[in-house]
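Visitor: Here is a sequence with its predicted model. Questions after.
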Amino acid sequence: MTEIKIVKNDGYIVSYTISGHTGYGEEGYDILCSAISFISQTVILSLNEVCKIKSEDINFKIEDGYLGVCLNFDLPKEKMECSEIVMNTMLTGFKSLLEGYPDHITLNIEEVDL
């Protein structure tokens, strides 16, 4: 089971973590894990390339079966608005995968006050 956690602050998605393998297919050949990985890693690239958020303002950790991403909290409003478009696109993809594979993915969205 893959657990996806989205954290929002003030309405903006500021971090996400993905952990575990879906168990949908053989590890290393699991198309569902690949889809989740593709979506989540494309977000990191898009935050940098599309939103022009510097790499040092995107904290991330990648390990086998784990990805954690957190934006610095003092980004300018225009960069946060751009990141929100990218992050919501990611969330849309995750929700679509969850709908098709509910036995292999969990999605939790939490609002926090930072």
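Guide: Received the coordinates, thanks.

Visitor: helices and strands of this protein: which one bottoms out on pLDDT?
Guide: strand 58-63 (a mean of 92; mean pLDDT, DSSP states H and E).

Visitor: Show residues contacting that strand.
Guide: The contact list for strand 58-63, computed with Cβ atoms under 8 Å, 6 or more residues apart in numbering, reads Ile44, Leu47, Asn48, Leu67, Gly68, Val69, Cys70, Leu71, Asn72. (Each C-beta comes from the backbone N, C-alpha and C, glycine too.)

Visitor: just the buried members of these?
Guide: Buried members of these, scored by 16 or more other Cβ atoms under 10 Å, are Ile44, Leu47, Leu67, Gly68, Val69, Leu71.

Visitor: Show only the entries of those found in helices.
Guide: Ile44, Leu47 (DSSP state H).

Visitor: Would you reformat the contacts of strand 58-63 as TSV and include distance to Leu91 and pLDDT?
Guide: Formatted as TSV, the contacts of strand 58-63 follow (distance: Cβ to Cβ, whole Å; pLDDT from 0 to 100):
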residue	distance to Leu91	pLDDT
Ile44	15	94
Leu47	14	96
Asn48	19	95
Leu67	15	95
Gly68	16	96
Val69	13	96
Cys70	16	95
Leu71	14	95
Asn72	20	91
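
Visitor: and those, which two are the farthest apart?
Guide: Farthest-apart pair in these is Leu67 and Asn72; separation 17.6 Å (Cβ to Cβ).

Visitor: Any idea how many residues pack against Asp113?
Guide: 5 (other Cβ atoms under 10 Å).

Visitor: list the contacts for it?
Guide: Asn9.

Visitor: Could you grab the helix/strand/coil label for the residue lying farthest from the centre of the chain?
Guide: Here the chain reaches farthest from its C-alpha mean at Glu26, the gap being 22.8 Å by Cα atoms, centre = their mean. Three-state call for Glu26 (DSSP: H, G, I helix; E, B strand; the rest coil): coil.
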